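> Provided below are the primary sequence and the corresponding predicted coordinates.
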Amino acid sequence: QVQLVESGGGLVQAGGSLRLSCAVSGSMFNFNVMGWYRQGPGQQRELVASITSRGTTNYADSVKGRFTITGENAKNTVNLQMNSLKPEDTAVYYCNAVLPPRSTQYWGQGAQVTVSS
């Protein structure tokens, strides 16, 4: 059974940094795409950043220049380094993976990130 295990997150003051990590377990395939989504209170889930198996990255405009996504395809892991955090970054952050052979999408359990002003 495929599972995504997240770690990191927490409470930080505005301007601070946090790091999120995610690992895929139970899959014999390496990811096609892995990424992070977030959902703030009363808001829809939105893409924060993603990385493909070839290392191509994509970022939401709101986090460009502040967040960095890295991944190791062979290890099925992804990290999100979040710098210069703002109160509006407060949300539950979800790891996402798209895995072969059917491009099935999987989700982590969510990690709370709270940025105080």
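That came through fine. Numbering: from 1, shown residues only.
> which residues sit against stretch 11-27?
With contact meaning CB atoms under 8 Å, 6 or more residues apart in numbering, stretch 11-27 is reached by 1-10, 31, 34, 36, 75-87, 93, 95, 97, 99, 106, 108, 111, 113-117. (Glycine included, C-beta is placed from N, CA and C.)
> Filter the residues you listed down to the ones in strands?
3-8, 10, 34, 36, 77-82, 93, 95, 97, 99, 106, 111, 113-116 (DSSP state E).
> What subset of those residues is buried?
Taking 16 or more other CB atoms under 10 Å as the criterion, what is buried in the ones in strands among the contacts of stretch 11-27 is 4, 6, 8, 34, 36, 77-82, 93, 95, 97, 99, 106, 111, 113, 115.
> Count the residues that sit near the nearest residue to residue 81 once chain neighbours are set aside.
Spatial nearest neighbour of residue 81, excluding adjacent residues (CB to CB, 6 or more residues apart in numbering): residue 68 at 4.6 Å. Residue 68: 15 surrounding residues under other CB atoms under 10 Å.
> separation between residue 68 and residue 19?
Distance, residue 68 to residue 19, using CB to CB, to the nearest Å: 10 Å.
> ditto for residue 64
The gap separating residue 64 from residue 19 is 18 Å, by CB to CB.
> what lines up beside the helix or strand where the residue nearest to residue 81 lies in the sheet?
Using DSSP states H and E, residue 68 sits in strand 67-72. Strand 67-72 pairs in its sheet with strand 77-82 (antiparallel), by DSSP bridges.
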